[in-house]
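1. how would this look folded up:
(chains A, B and C)
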Amino acid sequence: MRAIAAIARKDLLVELRTKESVPAMALFAVTTFVIFHFGLDRDRLEGELAAGVLWVTLLFAAILGINRLFVAEREQGGFDGILMAPIERTSLLIAKAGALIVYLVALELIALPVFALFFIDQGFWDAVPRLAAVILLADLGLAVVGAMLASIAVHTRARDLLLPILLLPLTVPVVIAAAAATKPLLSVPLETSGVAKWVAVLALYDLVFGLLAYAVFDFLMED
Amino acid sequence: MPALPLDEAGKYVAGAYGVFVTLLLVYVSIMGMKLQRIEREIQELIELAQRRLKEHG
Amino acid sequence: MIWCSAFWPTRYSTSSWRIDLESTLFGRGLKPLAVATTVLLATTLALVFFYAPNDADQGFIQKIFYIHVPLAIVALFGFVAAGVMGAMHLRTRDDSWDARSYVAIHMGVIFGVAVLATGAIWAKGSWGKWWVWDEPTLVSFLIVFLLYVTYYPLRYSIEDPQRRARYASVFAITAGAFVPINFIAVRLAENLVHPRVLNQTAGDMPGEMRLTFLVALAGIALLYVTLMKLELTSKNARRQLRRLRMLLEDERTGGAAPPPVATVPAKPV
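-> Coordinates of the predicted model:
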């Protein structure tokens, strides 16, 4: 437990000082919103279009952050340190996934208000509580799968090319469920029916892949 | 939506089964080429072994 | 093909020779399997075109169902099985399980091409378009297919053979767990908007159709297993030949005594 906290704290401190990932992710998201405005030629969005734009942008911004997750470990020998220390190797996975969730939440704290500012006319604040729950569950799934795949991709030759193509198909259920849950929340007028079903799907995804990543991570850390 | 008349539908059905058969045949021919390569390699190795036997024997 | 060299390493240390010369035989039972496959597939063709009645709604074009759906089901089961084989590889460290996992995925991808092609032809004949988002099985299959295609660049871009096999097994397990979840998610999503049209016969099939479908499913399943065995036998043969060549060539040029050849009997599959 302390190992997890220590590793996570290290990552968050580094991020706080160097400000490498989160500002880039946030900037990417905001710029993507602008591009969507021009690409779709729309001043405001609602319902499924709003949900789609939001989730596609969040997903691609997340990939930016995931790409860099293990780069420091790879370049500075952090993997060897984990292997030699008397801690469970899955601590690394949990710590990285935890750090990734923090990055994603930080990203969303910036991206969501901007999204509402650009595209949503009314009803956004009413939607926020349920939206936050959906986003957190989706973040959890993205973080777990992202951390696991990042630790795979970092050992390959073409790592930043390989990660997105490995990750994107695996995150399709998250996008399906999150967008379908967000659609009624961003509709005018706001609806809440049908959200629970998709929240259940997200929870199922998180559970299955959380357990899977935990079970399998040791094999990825062997030398 | 109305069902296609038999002659038109037949082309699609033939196309689908044809794709399947073609893929199968392509696979079998690729397997055949691999087998040929294996046979050639066995031949080379036999010659290699015979040469070695002559050297040692 | 380049993937072959990424599949098995081509350099070994002398100390690993003894381990490598004992090997599993993949070719056992290939002939009866092939015979059974041929019989079942021929029977399927006969049943499809001479026995099964024409579908009331879709007409003759529904016959594609008998090849398209079994291919999809077998491919998906093959992918899940590949995950199990990957788990076995991680548990036993036996390279033959990695081989089976790789070939299972390879066959699944090839069958997947056939699924997508026959699905597109069916869509064109039924809807007039080469691709439709209405059919959740097809859409879910596309996503799975895209995932498994990344298996090849993943294998190819890892150099250390031990790590490559391990990571490939982890991928196979993850992707295998993904298949059912993805299927559920897509099914739920499509139900909201589009009624399922292409596969309506699934629920209330008349007996003749059901029989034909089951025979087709059995035939395609056996085809999958047969082709897997074929591929495994061929790959293993080439790998053993490479070992043999290294054994022979090294003894020619080097002066050291050759390592003793292990006479452990080969383990059948």
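
2. Where does the prediction get shaky in the chain?
-> No chain in the question, so chain A it is. For chain A, the stretches flagged by pLDDT under 70 are A:223.

3. let's do chain C instead
-> In the predicted model of chain C, residues C:1-23, C:190-205, C:251-269 satisfy pLDDT under 70.

4. Next to chain A in this structure, residues from it, please.
-> Selection of chain C residues close to chain A by C-beta under 8 Å from any C-beta of the partner chain yields C:90, C:143-144, C:146-147, C:150, C:153-154, C:157-159, C:163, C:166-167, C:169-171, C:173-175, C:177-178, C:181-182, C:184-186, C:188-189, C:192. Where you see a C-beta, it was placed from the backbone N, CA and C, and this is true even at glycine.

5. Show me what from chain B comes close to chain C.
-> B:1, B:3-4, B:6, B:8-10, B:12-13, B:15-17, B:19-20, B:23-24, B:27, B:31, B:34-35, B:37-38, B:41-42, B:44-45, B:48-49, B:51-52, B:55.

6. which among the residues you listed end up buried?
-> B:3-4, B:9, B:12-13, B:15-17, B:19-20, B:23, B:34, B:38, B:41, B:45, B:48 (16 or more other C-beta atoms under 10 Å in any protein chain shown).

7. one step back: among the residues of chain B next to chain C, which lie within helices?
-> B:6, B:8-10, B:12-13, B:15-17, B:19-20, B:23-24, B:27, B:31, B:34-35, B:37-38, B:41-42, B:44-45, B:48-49, B:51-52, B:55 (DSSP state H).

8. Up against chain C, what does chain A have?
-> Counting by C-beta under 8 Å from any C-beta, the positions of chain A adjacent to chain C are A:148, A:152, A:155-158, A:162, A:165-166, A:168-170, A:172-173, A:176-177, A:180, A:197-198, A:201, A:204-205, A:208-209, A:212-213, A:216, A:219-220, A:222.

9. ok, now with 7 Å
-> Chain A comes close to chain C at residues A:152, A:155-158, A:162, A:165-166, A:169-170, A:172-173, A:176-177, A:180, A:201, A:205, A:208, A:212, A:216, A:219-220, A:222, as judged by C-beta under 7 Å from any C-beta of the partner chain.

10. Considering only those, which also neighbour chain B?
-> With C-beta under 7 Å from any C-beta as the criterion, no member of these is in contact with chain B.

11. Counting only helices, which of these make the cut?
-> Counted as lying in helices by DSSP H, out of the residues of chain A next to chain C, are A:152, A:162, A:165-166, A:169-170, A:172-173, A:176-177, A:180, A:201, A:205, A:208, A:212, A:216, A:219-220.

12. Let's see the PyMOL selection covering just the buried ones among those residues.
-> When burial is assessed using 16+ other C-beta under 10 Å, the buried subset of those is captured in PyMOL by this command:
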select buried, chain A and resi 152+162+165+166+169+170+172+173+176+177+180+201+205+208+212+216+219+220
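
13. Okay, helices next: where are they in chain A?
-> Under DSSP H, chain A gives helices at A:2-18, A:21-40, A:47-67, A:71-76, A:78-84, A:90-119, A:124-153, A:159-170, A:172-185, A:195-221.

14. Reformat these as TSV; add distance to C:Thr24.
-> Below are these laid out as TSV (distance: least, C-beta to C-beta, whole Å):
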stretch	distance to C:Thr24
helix A:2-18	40
helix A:21-40	46
helix A:47-67	38
helix A:71-76	35
helix A:78-84	31
helix A:90-119	32
helix A:124-153	27
helix A:159-170	30
helix A:172-185	36
helix A:195-221	22
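
15. Return the most buried member of the ones you listed.
-> Of all these, helix A:172-185 carries the top mean neighbour count, a mean of 24, counting by mean count of other C-beta atoms under 10 Å in any protein chain shown.

16. what about the host helix or strand of C:Ala216 and chain B, touching?
-> Applying DSSP states H and E as the criterion places C:Ala216 in helix C:207-253. Yes. Counting by C-beta under 7 Å from any C-beta, chain B has neighbours in helix C:207-253: C:Leu227, C:Leu230, C:Ser234, C:Ala237, C:Arg238, C:Leu241, C:Leu244, C:Arg245, C:Leu248, C:Glu251, C:Arg252.
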